[in-house]
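> how does the following fold in three dimensions:
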Amino acid sequence: MTSSSIHPIMFEDFETRQTIDQIDNDDCIVVERVEDFQGLEELEVNTFCNVEDVAQGGKGDMSSSDNLCLVNGGKPHIGMQFPTDDAAISFYNEYARRMGFSIQKESAKRPGPDKPINRRYLVCYKAAYKRRPESVRAKKRVRQNEEGCPARMSIQLKNGAWIIKQFFDEHSHEMFASPNKSRKLPSHNKQHLQACARQLMDQYSKARCGPSRIARLLNATGDGTSNITPEQCQHYLRKKRSSNIGRECITVMQKFLNMTTLDDRFFHSIELDEDGVCRSIFWADGRARKMYENFSDVIVFDVTYKTNQFLFPFAPFTGVNHHGQSILFGCALLADEQEETFVWLFERWLNCMGGKAPRAIITDQDPAIINAIKKVFPNTRHRFCIWHISLHEDEHLRSLRSSYNPEFDKHYYRWVKGRTIEEAEIAWATLKEKFKQKYEEPLTEKQCNEMKSWRWLESMYEKRYNWIDVYLKDTFFAGMRSSQRSESINAFFDGYVNSMTPLNEFVDQYSKALLCRRDEEDNEDLKTMRTKPNFQGMHHLEVHAGKVYTRKIFTKFQLEFKDASFLCWHDVVDNNDGVTTYNVFYEVDDKVDSHTVRCGPSEGQFNCTCGKFETIGILCKHILYIMKQCYRLKSIPEQYILARWTLAYRNWSKDTRCGVIGMSKKKEVSPLESWNLRKALDEVHNEAVNHPDIYNATIVLLEDLKKQIVNIKKEQETEPVASTQVVSEVAFSTNITIRDPQKARPREDRKSVQGFHRENKFHKMKLKKGCELVVYAMKKAMTLGLVQLLRKD
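Here you go, the predicted model:
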C-alpha cells in the first residue's frame, strides 16, 4: 500500500463503523463482509472480462465488441472492466434486479474542477440519504425508505476503461424474491423512459390525453408486463415542458420554417419588441390563402379566446365556405388588445392575402378593433356583433324599461326592426319624442340613470349603419349577424388546446384541428357529389336549384320554396313603366305578414324588401312565389344564383396542403410501430429463455436478420436523397435573441380568460346590491331585536 495520497471512505451507517485510510488510486478494494475492511490486499487488473470470464470469474480480452459484461447470470467482482460508466451501472442494475433490490447513484468525483468524472459510487436504494433540514422533513411527512444498507459498488476510470474498485454485497434488509415485485423497484421500473414510450407519451399528450389515460394506453399496447403509472407519465411530461422554458418562441419559428419547406405558400410573421421578446404571432397556410381568394366576401374576427399558457388572445379569421361551414383564413396570438397590435395584425393579414381586403367584417364593439379596421380596411363594411349589443341593451336600457315598459320596448324594436330606412328614421324620432324627458337640476338617481341610457342610445343611433339590419341590407354577410362562428371555432379548439398549452404545442394542435375541419369539408363535398337531392314537388325551379347548389345550401333553398308553394299569396299593387309591384303575404304562427316585391321591365329583375338575397345569397320565399306563380319560370335567372354556394367551388386546387406532421414523403417508423416491435421482441425473448430449441432457432434467425439490416443500409446509402425529404435546418443569427413573453394574467375587467364566456356586469351589480340589502336587513333586525329587549327590561 502506498501513502502518496489519502482517500478516506466513511461507512457511517454500517453497524461496524470503520475507516479505510491510505488507499492509493491504483488499488482495488475487495469487500465481501464488513469485517474484511482490515488487511486488504492490492489487486491489479488490466483486462476486460468477456462473457465466459464473467460466468467463470476469470479474465479475458476486449478483442470483440461482443465481449461485454452485460450478461444474465453474471455477478460483479473487483477488477471487472467496462467501456463506459453507463455500461457498468446497467450491469449492476441488472444484477440488482435478479437479486431483488434496487440501486441508486450516491456521488461522483472529479480529479479537478474542469475535469471529467473519474469515479462513481452506487449504493442500495435503502442506503442512507444525506440528512435533510428539519424544516424540509416537517413539510414532507412521508414514510422513510432509508435503512442504512451497506451494499455498494464503486467504479473508477483508468486507462480509458471503468473498473470496479469496490464491491460489497451484504444487505441489511430482505430481498424481493418475486420478479414481479422487484421489477417495480425504482431503478428497474424505467419502461416509460424508453424512446418509443416517450414518443407515444408525447403524441398522446398532444391529443389531450391525461396521464391516467396515457398510462392505460401504454400498458394496454405493451407486452402485458408493462406497469407504467400515471405518476411516471406526469413526471416525464412536466419535466419535458420545464426543459423547454425560454425556447418556445424559437421552437415556433423553427416549426414555421419547416412548414415553409412543405408548403411554398405558407405565410408567417412574428412581432418582437426592442428587447427581442415575442409579442404577437400570425400564420396562415397555403390552402387558407387559396380559399380566401374564393370566399373573401365576409369574415368574422374575434379575440375573446385565451387558451395558451402565456394567455395570448387567440384571434382567428373565420369565413364561410360553399357548404355554409366555418373555415379559417389564418390565426394569430396577440400580446394585447391595443389598437397598435390590431393594426399590425390586419396589415400582416392583408399582406398575406395579396392586398385583397374583405368586403365585410363582423366584430364586437371594441374601440381598438374599430379604429384599426378604419385604418387598414377603409372600404370594408363593418358590422357589430348583435349578441354583444343585446348584452349592452340589458345593461344600459334597464332604467328606461323599468319606467316605460311595455311601451318603450314596442317603439324601440319598431326602430331596430324597421323594414325600410324611412320607417326606421320615423320610429327613432317617435322614440325620442315619447320617452326622452328634459329634467331640471338637481337630478334624482332615477333621472340620472335615464339620462345615461339616452346617451348610450344616441351613441348607438350614430353607429346605426354598423348594426341595424335595415341599414345593412345592401351588403352580403352570408346570413351572419354575430361573431358566433368565430366563437364556435373557439369551442372547437377546446378539444385540442387548453390554458396550459405551450406555444410550440399550440401550433401543432392548431394544425391538427385545421386538418379535422378540412376533413369535414371534404366529407361534405363527397356527400354532395355522391348523393342526389330529394325533391318535394319536382318543380322546374326546385330541380334547377338541386343541380347547382351544394347539399346544405339546397336544403335552405327548399325551405323557402316550400313556404312559397303553400303559405304565400299576392296582390298587385302597381304596374307603371313596365315595373310591377306585388304585395306578397305569408302566414306564420297564425299571423299574416307581407313584403313588397318589385319586378323590372325585363324578365329576371326582382327585388324584395326583406333583402334576403342581398344579405344571404339565397332567394326569399316572396321572390320565389312571384317567379313560380306570376312568371312561370322554369329556371332560376343566372344573376340570382350566387357562385359561392354552387358546386363549381368544389373544384379549386387542393394541392396546397398545410405544413403539419406527416407531409414529408419520407417513411419513418411511428412510435406506436416501435412500441409494437418491442412487444413482439419481448414475447420472443420470454419464449426463448425457457426452451433451448426455441433459443437456438432465434439466434439463427437473428444472425440472418443482422445480415439483411446491413444490406438494407448499404442500399440506402447508395440511393440519392430526394429534395422533398430535406427539412430545413434553422440557424438563427447570433446578433438577435428571441425571448419568450412573460406569463401574466389579463385584467379582470376584460374578457374571459378561458373560452368565450363573458362576465355580465349587470349580474355582478345585481348580486352586489342584493348582498347589501341582506346586510342592511340583518342589521335592521338586530337593531329592532335589541330595542325590544330593552323595552322588556
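
> C-alpha from now on. contacts and neighbour counts both.
Fine.

> got a list of what Gly617 touches?
By Cα atoms under 8 Å, 6 or more residues apart in numbering, the residues touching Gly617 are 476, 478, 640-642.

> redo these as JSON lines? Include secondary structure and distance to Ala220.
Formatted as JSON lines, those follow (DSSP: H, G, I helix; E, B strand; the rest coil; distance: Cα to Cα, whole Å):
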{"residue": "Phe476", "secondary structure": "coil", "distance to Ala220": "53"}
{"residue": "Ala478", "secondary structure": "coil", "distance to Ala220": "48"}
{"residue": "Tyr640", "secondary structure": "helix", "distance to Ala220": "58"}
{"residue": "Ile641", "secondary structure": "coil", "distance to Ala220": "55"}
{"residue": "Leu642", "secondary structure": "coil", "distance to Ala220": "53"}
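
> what is the nearest of those to Cys516?
Ala478 (22.9 Å; Cα to Cα).

> wait, that closest one touches Gly319, no?
No: Ala478 is beyond contact range of Gly319, at 9.2 Å (criterion: Cα atoms under 8 Å).

> quick check: neighbours shared by these two?
By Cα under 8 Å, 6+ apart, the residues touching both Ala478 and Gly319 are Val298.

> what's the average pLDDT for stretch 89-104?
When pLDDT is averaged along stretch 89-104, the result is 87.

> nope, stretch 464-481 is what I was after
pLDDT averaged over stretch 464-481 gives 92.

> picking up where we left off before, compare the contacts of Gly617 and tell me which is most surrounded.
Of all those, Ala478 has the most neighbours under the rule other Cα atoms under 10 Å, reaching 22 neighbours.

> contacting residues for that one?
Ala478 touches 298, 320, 615-617, counting by Cα under 8 Å, 6+ apart.

> if we can go back for a sec, now, which of the contacts of Gly617 sits nearest Ala288?
Using Cα to Cα, the contacts of Gly617 come closest to Ala288 at Ala478, 18.5 Å.

> surely Lys417 touches Leu472?
No: Lys417 sits out of contact with Leu472 when judged by Cα under 8 Å, with a separation of 11.8 Å.

> looking at these two, which is more packed in?
Leu472 (20 against 15).

> beta-bridge partners for His570, please?
Here His570 sits in beta bridges with Val584, going by DSSP bridges.

> meant to ask about Leu333
Residues in beta-bridge contact with Leu333 (DSSP bridges): Ile281, Phe314.

> how near is it to Thr341?
Per Cα to Cα, to the nearest Å, Leu333 is found 10 Å from Thr341.

> please apply the same query to Arg518.
On the measure of Cα to Cα, Arg518 and Thr341 end up 29 Å apart.

> so for Leu333 and Thr341, which sits in the more crowded spot?
Set Leu333 next to Thr341 and count neighbours by other Cα under 10 Å: Leu333 wins out with 26 against 18.

> wait, the more buried one sits on Val303?
No: the criterion here is Cα under 8 Å, and Leu333 misses it with Val303 at 9.2 Å.

> joint contacts of the two?
Counting by Cα under 8 Å, 6+ apart, the residues touching both Leu333 and Val303 are 313-315.

> which one (most neighbours) among those residues?
Pro313 (24 neighbours).

> any idea of the pLDDT on it?
82.

> and if you look at the one 4 residues further on?
You'll see Phe317 listed with a pLDDT of 93.

> helix/strand/coil for it?
When classified by DSSP: H, G, I helix; E, B strand; the rest coil, Phe317 comes out as strand.

> would you confirm that it contacts Ser326?
No: Phe317 is beyond contact range of Ser326, at 10.1 Å (criterion: Cα under 8 Å).

> shaky segments in the stretch 401-550 of the chain?
For the stretch 401-550 of the chain, the stretches flagged by pLDDT under 70 are 486-500.

> next step: the contacts of Ala478 restricted to helices.
Taking DSSP state H, the ones among the contacts of Ala478 that sit in helices are 615-616.

> which of the contacts of Ala478 lies closest to Ala424?
Thr615 (18.4 Å).

> can you tell me which residues contact that closest one?
473-479.

> any of these buried? List them.
473, 475-478 (16 or more other Cα atoms under 10 Å).

> need the residues you listed in a markdown table with distance to Asn576, can you?
Listed next are those as a markdown table, based on distance: Cα to Cα, whole Å:
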| residue | distance to Asn576 |
| --- | --- |
| Lys473 | 25 |
| Thr475 | 28 |
| Phe476 | 30 |
| Phe477 | 33 |
| Ala478 | 33 |
